[in-house]
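Chemist: Fold the following, please.
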Amino acid sequence: MNHNSQQFFPGAHNGVPLTYEMLKEEHEVAVFGAPQSSAPVTTTVINISSETAVPNHIIWSLFNTIFMNWCCLGFVAFAYSVKIRDRKMVGDMTGAQTYASTAKCLNIWALVLGLLLTTGSIVLLVFVYTTVYSVFLKSMQENNGYH
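Modeler: Purely as a prediction, here's the structure:
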């Protein structure tokens, strides 16, 4: 049983569903007639994207890579920031948002660990320096200078 059913819509073009604009244009042509000018009709299509903006944190990642790169977290965050840009170029907003949250988390950890470890290293160096200096002074006092 072969059924070749074809929907009939006035002005339908090759099975493409009609939109409001196409129907309105066909109605205007039917009512007002074809355009009177001999110039070719040109159309302009404007794509308005309603997608949400996904931050890529690339500047923050670069800062953490250069200055706060303890445990290489800044470099890993930078790699994820580049992946965000790639996902946005492909149009995968869900993947871009996932990479963005990972990059943000890595940047936070890199910054916190960087500040804590840098501050701790400075405090440790000052403590070691003062201890070595006090031991050196005590040894100098016991030996009464150079003999």
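Chemist: so how far is the helix or strand where residue 124 lies from its chain's centroid?
Modeler: Element membership of residue 124, judged by DSSP states H and E, is helix 93-143. On the basis of CA atoms, centre = their mean, to the nearest Å, helix 93-143 is displaced by 29 Å from the centre of the chain it belongs to.
Chemist: Distance-wise, check residue 102 relative to residue 96.
Modeler: Separation of residue 102 from residue 96 (CB to CB, to the nearest Å): 11 Å. Placement of C-beta: from N, CA and C, glycine included.
Chemist: Which of these two has more residues huddled nearby?
Modeler: residue 96 (23 against 17; other CB atoms under 10 Å).
Chemist: That one reaches residue 54, doesn't it?
Modeler: Yes - at 4.5 Å, residue 96 and residue 54 qualify as touching, with contact defined as CB atoms under 8 Å.
Chemist: quick one: contacts for the residue most central in space within the chain?
Modeler: In the chain, the centroid-proximal residue (CA atoms, centre = their mean) is residue 56; its distance is 2.2 Å. Counting by CB atoms under 8 Å, 6 or more residues apart in numbering, residue 56 touches 81, 84-85, 88, 96, 100, 103.
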